[in-house]
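Student: here are the coordinates; sequence isn't available:
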């Protein structure tokens, strides 16, 4: 159970022991067969469904702990589990089991003039540390993805989701054991003290190969600042939608409402809508009415306020705020050039969308906007590994090294070269 170990110096020893066990478990995982890994994953899904009542009971205790606090509704939503979400969790694990095994996949192969045959082949990263807040489903997603890619994983949840995460983790361990895989392949840090995070960021004596943070801006900033191992991360999801003069109005209304209001607390929720000034007379009022009718607060630039009296004026801070709430900022821009300029200035390089029928506008948007995910005539809420056919994701990476966008099983691998010869020697 969590918090069964003394605080302080004892945590360092505990964490290093967890790291050593993960490193030992990573070796057999690296060459475990696809059949064995899939058997473990399907057993995990079965265990989660069988333990639905216990998981919901533990989740209710987590929710009770934050009752009466000033937590945002979006935070509570991320923490909350129900029957449907548990079914989705189990189905997500089964979807990961159904994916092709990336380990051993030949990415590229070529022959050299001297007769050498060279192959680039996917291999596991090794041990992955995942630090997350408020989302107990990350326990299942991260554990399953890392296992499929042949990696051991150390999970450190926030104190807000500790009981829910523990109940889910118990199911994952049962799945590992049933398939004959080492139970330390997926470990949940048993303390909520922040010192455990510091120990992970230092690498646990070389045991951790990469860190993945999933949480608020302060957590991710700390990880990126203090980590002594590589990090897959994004600071926040400052997502934009540009509505061009060529956009179909009905389509635009449906997309912007879905992108903002379907789930306001996810990183793919749109935070800023940019409207082409050539479409302001026809599109602006209907878009704002659709959003406000769905319960969204609108904060507009001065020309938006002038065009739609009663709209709350946006401040400079609004353009760089990830609301994670039913709030959106709206600006009128000078066509695609104005939209690109605004996005370049304020975006976190997570996800952006363009609503347009003009192919030249779409081409410029896709060419000149440098974010991890770009969409055309679709909601930003599709910025999700499951929606990309990856089964699930361990997070959305906005950096440019190794992994970018949804981090699925392929992104959780590295590669090595296999070179076949027939007796060649180098002159």
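Tutor: Perfect, thanks for sending it. Here the structure is a predicted model, which is why all the values come from computation and not from measurement.
Student: where exactly do the strands run in the stretch 101-250 of the chain?
Tutor: 106-111, 117-124, 127-132, 152-156, 186-188, 210-214, 239-243 (DSSP state E, counting those that start in this stretch).
Student: and these as CSV, adding mean neighbour count?
Tutor: The C-beta positions use only the backbone N, C-alpha and C, and glycine is treated the same way. As requested, the strands of the stretch 101-250 of the chain are arranged in CSV below (neighbours: other C-beta atoms under 10 Å):
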stretch, mean neighbour count
strand 106-111, 11
strand 117-124, 17
strand 127-132, 27
strand 152-156, 27
strand 186-188, 24
strand 210-214, 25
strand 239-243, 28
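Student: Touching, residue 155 and residue 142? I think so.
Tutor: Yes. With contacts defined as C-beta atoms under 8 Å, residue 155 counts as touching residue 142 at a distance of 6.2 Å.
Student: can you list residues touching both of these two?
Tutor: Common neighbours of residue 155 and residue 142, counting by C-beta atoms under 8 Å, 6 or more residues apart in numbering, are 130, 132.
Student: List the buried residues of the longest helix belonging to the chain.
Tutor: As assigned by DSSP state H, the longest helix anywhere in the chain is helix 9-30. Neighbour-count burial for helix 9-30 flags 11-12, 14-16, 18-19, 21-23, 25-26, 29-30 (criterion: 16 or more other C-beta atoms under 10 Å).
Student: before we move on, the earlier item: lowest average pLDDT across the strands of the stretch 101-250 of the chain?
Tutor: In terms of mean pLDDT, the lowest-scoring of those is strand 210-214 (a mean of 90).
Student: what comes into contact with that strand?
Tutor: So strand 210-214 is contacted by 125, 128-133, 135, 138, 142, 200-201, 219-220, 223-224, 227, 229-233, 394-395, 407 (C-beta under 8 Å, 6+ apart).
Student: Let me see the ranges of the helices in this protein.
Tutor: 9-30, 34-50, 52-66, 73-79, 83-98, 137-148, 162-178, 195-201, 217-226, 249-261, 285-293, 302-307, 335-346, 359-368.
Student: Quick one: closest of those helices to residue 185.
Tutor: Set against residue 185 and scored by C-beta to C-beta, those come closest in helix 9-30, at 4.3 Å.
Student: quick one: that closest one to chain centroid distance?
Tutor: A distance of 24 Å separates the centroid of the chain from that of helix 9-30, by C-alpha atoms, centre = their mean, to the nearest Å.
Student: Check which helices and strands that helix is in contact with.
Tutor: Judged by 3 or more C-beta pairs under 8 Å, 6 or more residues apart in numbering; DSSP states H and E, helix 9-30 is in contact with strand 117-124, strand 127-132, strand 152-156, strand 186-188, helix 195-201.
Student: Residue 312: which of those is closest?
Tutor: Distance to residue 312, taken as C-beta to C-beta, is lowest for strand 127-132 among the helices and strands packed on helix 9-30, at 33.1 Å.
Student: which residues sit against that closest one?
Tutor: Here strand 127-132 makes contact (C-beta under 8 Å, 6+ apart) with 19, 22-23, 26, 138, 142, 146, 151-158, 161, 197, 200, 204, 207-215, 219, 223, 229, 394, 412.
Student: If we use 6 Å, what do you get?
Tutor: In this structure, residues lying in contact with strand 127-132 by C-beta atoms under 6 Å, 6 or more residues apart in numbering are 22-23, 26, 138, 142, 146, 151-157, 197, 200, 207-215.
Student: mind putting the helices and strands packed on helix 9-30 in CSV, distance to residue 255 included?
Tutor: Listed next are these as CSV, based on distance: least, C-beta to C-beta, whole Å:
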stretch, distance to residue 255
strand 117-124, 36
strand 127-132, 29
strand 152-156, 35
strand 186-188, 38
helix 195-201, 38
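Student: Nearest approach to residue 292 belongs to which of the ones you listed?
Tutor: strand 127-132 (33.4 Å).
Student: roughly how far is that closest one from the heart of the chain?
Tutor: With C-alpha atoms, centre = their mean, you get 12 Å for strand 127-132.
Student: For that strand, which strands pair with it and how are they oriented?
Tutor: Note on strand 127-132: by DSSP bridges, its sheet partners are strand 152-156 (parallel), strand 210-214 (parallel).
Student: and residue 364, what does it touch?
Tutor: Residues near residue 364 by C-beta under 6 Å, 6+ apart: residue 336.
Student: now it: how far from residue 335?
Tutor: Distance, residue 364 to residue 335, using C-beta to C-beta, to the nearest Å: 10 Å.
Student: What of residue 346?
Tutor: Residue 346 is 17 Å from residue 335, by C-beta to C-beta.
Student: Please apply the same query to residue 206.
Tutor: The separation that residue 206 has from residue 335, given C-beta to C-beta, amounts to 52 Å.
Student: Neighbour count for these two, which is higher?
Tutor: Per other C-beta atoms under 10 Å, whichever of residue 206 and residue 335 has more neighbours is residue 335, with 16 against 13.
Student: wait, what's in contact with that one?
Tutor: With contact set as C-beta under 6 Å, 6+ apart, residue 335 has these partners: residue 276.
Student: which one of the helices and strands packed on helix 9-30 lies closest to residue 93?
Tutor: Per C-beta to C-beta, nearest to residue 93 of these: strand 186-188, 11.8 Å.
Student: Strand partners (parallel or antiparallel) of that closest one?
Tutor: Strand 186-188 is paired, per DSSP bridges, with strand 152-156 (parallel).
Student: returning to that earlier point: ok, which of the strands paired with strand 127-132 comes nearest residue 340?
Tutor: strand 210-214 (29.0 Å).
Student: Could you check the angle that closest one makes with helix 217-226?
Tutor: For strand 210-214 against helix 217-226, the angle by axes from the mean of the first three to the mean of the last three C-alpha atoms, to 10 degrees is 160 degrees.
Student: ok now strand 210-214, how far from the chain's centre?
Tutor: On the basis of C-alpha atoms, centre = their mean, strand 210-214 sits 10 Å off its chain's mean C-alpha point.
Student: So, low pLDDT: which residues of the chain?
Tutor: Residues of the chain meeting the criterion pLDDT under 70: 1-9, 235.
Student: do that again at 50, thanks
Tutor: 1, 4-6 (pLDDT under 50).
Student: picking that back up, next, the angle helix 162-178 makes with the longest helix of the chain.
Tutor: 40 degrees.
Student: List the contacts of the residue nearest to residue 343 when sequence neighbours are not counted.
Tutor: Closest residue to residue 343 apart from its sequence neighbours, by C-beta to C-beta, 6 or more residues apart in numbering: residue 240 at 5.2 Å. Each residue near residue 240 by C-beta under 6 Å, 6+ apart is listed here: 272, 343, 352.
Student: One more: residue 126?
Tutor: When contacts are counted by C-beta under 6 Å, 6+ apart, residue 126 touches 26, 209.
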